[in-house]
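Engineer: I'd like to go over a predicted model; first the sequence, then the structure.
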Amino acid sequence: MTPAEVSLAVESVSKNFGGLAAVKEVSLRVERGERRGILGPNGAGKTTLFNLIAGDLKPSAGKILLHGQDITHMPNHQRAYLGMARTFQITNLFPNMTVIDNLLLAAQALDRAKFSMFRPIQSHEHIVARAERALEQIKMGDLRDIPIKHLSYGVQRQIEVALALVEEPKVLLLDEPTAGLSPAESAEMVGLLKELDPGITILIIEHDMDVAFELTDRLTVMHEGSILADGPKDEVRNNQTVQEIYLGYG
Amino acid sequence: MIFELLRGRGRVAVAVAALVFFAVYPWFASRFMITVLVQCLIMAILAMSLDLMVGYTGMASLGHAAYFGSGAYAAAIVSVTYKASFPEALAVGLIVAVAVTAVFALVALRATGVYFLMITFALAMLIWGLAYRWNSMTGGENGIAGVQRPSFIAGTTTFYYFVLAIAAAVFVFFGVLVRSSFGRTLVGIRESESRMRTLGYNVWLHKYIVFLISGLFSGLAGVLWVFYDSLVAPPLVDLSTSFDALLMVSVGGGGTLVGAVLGAVIVKMLENLVNLVTDRWLTVVALVYITVVLLAPQGIIGLLRDLMARREMNRAALEVAGRANASAGKEGSK
């Protein structure tokens, strides 16, 4: 495997919060177009790892490479320009803005038009087109002008993903996209995620084993801040230690 | 219906009515009432500038007296001490206000929320300290008196129209700004900084830019105030001015320019008019403030908006309920 094919590399990254080691010497290599699931019980350090990769936190030690470029100390808004996007475990949208305004903000984030002070946001046609395309992709044309705060949780979760997709990312980090969804909503979300461009590299934190197996090729299991197992999903599923610690039916 | 006034054609009608009212106001108002409205309009510029930060971007500053005051002092100093012309005083006032903002913002933007509020307040007291103590430059406790208006705006009425034109221009400019791409990023920052950062926005930069714009127009208000009042003294740059500005924004309704203007008019009118009746005018203003906070924490315009939104939601809910179950159409009204 040449380095160019590695989309994201995490090299012995650690993160300490005071005396607590939330992430310990974690290393990962994710290839371009791979769907990688990250599993682990609560407190295993999955979201902390995501925050390190996305740049919301800075690692205490180790290196993070995106397409071979060292991004360990790069602020998170610059990582977006390199094609990184993420969603949040706790829905993080612009609650008082309408659906289309949320998408417009995402659509202009990497465009110089975001500094334009004399033209209404709706007058930048290429940005509006990008936002409308995302609206179509999640099939929410009829919710266009409704403020986010008035929408159901399930719909908000889909918009959470849509906001990350507007920017046409190369690497997408999904933090529990189906958290709190009903089985029907969860199935809808899985459908949406399965339709994504196979060229996008996706890391997905997931609690629901069925969802994880359906969406991913490889699984990384974390436990108490370290990686417990890493490999093709069937192999990991049959791993004795994983079953004992995480799946609980060993 | 009052709700129709807040949108579409109703909005235009309100704007035209307001403009006509302001235009003919000097025909029937006394000299005193004209100067009160001049105060209101100048403070409206300050309140709108502050609202860009407080209401739109979610940065509560308790230090706008600093930018207002540094513009005012700079204009007064060059105008009286150095005999500068009005355009020169205006230019110097604006430059000094922006320069002070550019430095203070670097410090203040390291904090958010209530810490931001405290830092902006502390920084503003520096300007107050300078005004009070730097006798040779600022005249100390006495301040600087004798600022002369140029002849073309010397009269009370002509100056009123001059200030009205500037306030209207600022209102229009800010109206365009808040609807622009950049303006929407400010609301995005208010709603979720972390999401904005993840999307690729340099949140710090956007905050810094809006801080500079806010400081510039606060300075403009300060310069106008000096040419209205003909003097500056330390009380103009102390906490009460910063607080007044914040009061105007919250009474009228943060995040709406009309709210800021309305708040400025209400607060300044109250101060002036209640002052005629009783010395306890601060008590009255405080009571009004408490009433607004209790009954309409979103401010007056915010309250109207909420009521309108609720009414529309009720109507929509009723429609859905009616369609789903024609016999029980009265359900689902919440």
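Structural biologist: Everything's here; your move.
Engineer: break down the chain into its helices, ranges please.
Structural biologist: All of this refers to chain A. For chain A, the helices defined by DSSP state H occupy A:46-54, A:76-81, A:99-107, A:125-137, A:153-165, A:183-194, A:209-215, A:233-238, A:240-242.
Engineer: the chain in question should be chain B.
Structural biologist: B:8-28, B:31-51, B:64-76, B:86-108, B:113-133, B:135-138, B:156-179, B:181-191, B:193-199, B:203-229, B:239-252, B:257-277, B:281-295, B:299-324.
Engineer: what's the most buried one of the ones you listed?
Structural biologist: Comparing these by mean neighbour count (mean count of other C-beta atoms under 10 Å in any protein chain shown), helix B:64-76 ranks first with a mean of 31. No exception for glycine: its C-beta is placed from N, CA and C like everyone else's.
Engineer: from chain A, which residue is nearest to chain B?
Structural biologist: Using C-beta to the nearest C-beta, the closest approach of chain A to chain B is made by A:Ala80 at 3.1 Å.
Engineer: in this structure that residue contacts A:Asp111, no?
Structural biologist: No - A:Ala80 lies out of contact with A:Asp111 (C-beta atoms under 8 Å); the separation is 11.6 Å.
Engineer: between these two, which is the more surrounded one?
Structural biologist: A:Ala80 (24 against 16; other C-beta atoms under 10 Å in any protein chain shown).
Engineer: ok, that one - contacts?
Structural biologist: A:109-110, A:167, B:198-200 (C-beta atoms under 8 Å, 6 or more residues apart in numbering or on different chains).
Engineer: turn those residues into JSON lines, including distance to A:Ser27 and pLDDT.
Structural biologist: Putting these into JSON lines (distance: C-beta to C-beta, whole Å; pLDDT from 0 to 100) gives the following:
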{"residue": "A:Ala109", "distance to A:Ser27": "30", "pLDDT": "91"}
{"residue": "A:Leu110", "distance to A:Ser27": "29", "pLDDT": "89"}
{"residue": "A:Glu167", "distance to A:Ser27": "27", "pLDDT": "87"}
{"residue": "B:Thr198", "distance to A:Ser27": "24", "pLDDT": "93"}
{"residue": "B:Leu199", "distance to A:Ser27": "28", "pLDDT": "94"}
{"residue": "B:Gly200", "distance to A:Ser27": "27", "pLDDT": "93"}
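Engineer: tell me the two of the residues you listed that are most distant?
Structural biologist: A:Leu110 and B:Thr198 (11.8 Å; C-beta to C-beta).
Engineer: local confidence estimate at the residue of the stretch 201-334 of chain B found nearest chain A?
Structural biologist: As assessed by C-beta to the nearest C-beta, chain A sits closest to B:Asn202 within the stretch 201-334 of chain B, at 5.0 Å. Listed pLDDT for B:Asn202 reads 95.
Engineer: neighbours around it, how many?
Structural biologist: Neighbours of B:Asn202 (other C-beta under 10 Å): 16.
Engineer: measure B:Phe173 to chain A for me?
Structural biologist: 9 Å (C-beta to the nearest C-beta, to the nearest Å).
Engineer: contacts for stretch B:300-307 next, please.
Structural biologist: B:2-3, B:6, B:251-256, B:258-259, B:262-263, B:266, B:292, B:295-296, B:298.
Engineer: er, stretch B:213-226 I mean
Structural biologist: B:42-43, B:45-46, B:48-50, B:52-53, B:61, B:64, B:67-73, B:75-76, B:79, B:89-90, B:93-94, B:96-98, B:100-102, B:104-105, B:147, B:163, B:166, B:170, B:177, B:232, B:236.
Engineer: show me what from chain A comes close to chain B.
Structural biologist: By C-beta under 8 Å from any C-beta of the partner chain, the residues of chain A that approach chain B are A:54, A:56, A:75-78, A:80-81, A:85-86, A:88, A:92-97, A:101, A:104-106, A:108-110, A:113-121, A:124, A:127, A:150, A:163, A:167.
Engineer: Provide a list of residues in contact with whichever residue of the stretch 51-200 of chain B sits closest to chain A.
Structural biologist: Closest residue of the stretch 51-200 of chain B to chain A, C-beta to the nearest C-beta: B:Gly200 (3.1 Å). B:Gly200 sits next to A:77-78, A:80-81, A:109-110, A:167 when contact means C-beta under 8 Å, 6+ apart.
Engineer: tell me the one of the residues you listed nearest B:Glu193?
Structural biologist: Looking across these and measuring by C-beta to C-beta, the closest to B:Glu193 is A:His77, at 10.8 Å.
Engineer: could you check the pLDDT of the closest one?
Structural biologist: pLDDT, A:His77: 92.
Engineer: what's the answer for the one 3 residues further on, then?
Structural biologist: In the prediction, the pLDDT value recorded for A:Ala80 is 93.
Engineer: may I see the contacts of A:Ala80 organised as JSON lines, with distance to A:Gly62 added?
Structural biologist: Formatted as JSON lines, those follow (distance: C-beta to C-beta, whole Å):
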{"residue": "A:Ala109", "distance to A:Gly62": "28"}
{"residue": "A:Leu110", "distance to A:Gly62": "27"}
{"residue": "A:Glu167", "distance to A:Gly62": "26"}
{"residue": "B:Thr198", "distance to A:Gly62": "21"}
{"residue": "B:Leu199", "distance to A:Gly62": "26"}
{"residue": "B:Gly200", "distance to A:Gly62": "24"}
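Engineer: list the buried residues in the helix or strand bottoming out on mean pLDDT in chain A.
Structural biologist: Least confident helix or strand of chain A, by mean pLDDT, DSSP states H and E, is helix A:240-242 with a mean of 78. By neighbour count on 16 or more other C-beta atoms under 10 Å in any protein chain shown, the buried set for helix A:240-242 is A:Val242.
Engineer: which residues are in contact with it?
Structural biologist: A:221, A:228-229, A:236, A:250.
Engineer: what about stretch B:200-212, distance to the chain center?
Structural biologist: Between the centre of stretch B:200-212 and the centre of its chain there are 20 Å (C-alpha atoms, centre = their mean, to the nearest Å).
Engineer: can I get that stretch as CSV, trimmed to CA atoms?
Structural biologist: Taking Å, rounded to 0.1, in the frame of the first residue of the first chain, the C-alpha atoms of stretch B:200-212 are listed here in CSV:
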residue,chain,number,x,y,z
GLY,B,200,-14.6,25.6,7.7
TYR,B,201,-15.2,29.0,9.1
ASN,B,202,-12.5,30.9,10.9
VAL,B,203,-14.8,32.0,13.7
TRP,B,204,-12.3,34.3,15.3
LEU,B,205,-11.8,36.2,12.1
HIS,B,206,-15.6,36.7,11.6
LYS,B,207,-15.9,37.9,15.2
TYR,B,208,-13.0,40.3,14.8
ILE,B,209,-14.5,41.8,11.6
VAL,B,210,-17.9,42.3,13.2
PHE,B,211,-16.2,43.9,16.2
LEU,B,212,-14.4,46.4,14.0
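Engineer: what parts of the stretch 51-200 of chain B come near chain A?
Structural biologist: Near chain A, when you scan the stretch 51-200 of chain B using C-beta under 8 Å from any C-beta, you find B:176-177, B:179-185, B:187-188, B:191-192, B:194-200.
Engineer: sweet, I'm off.
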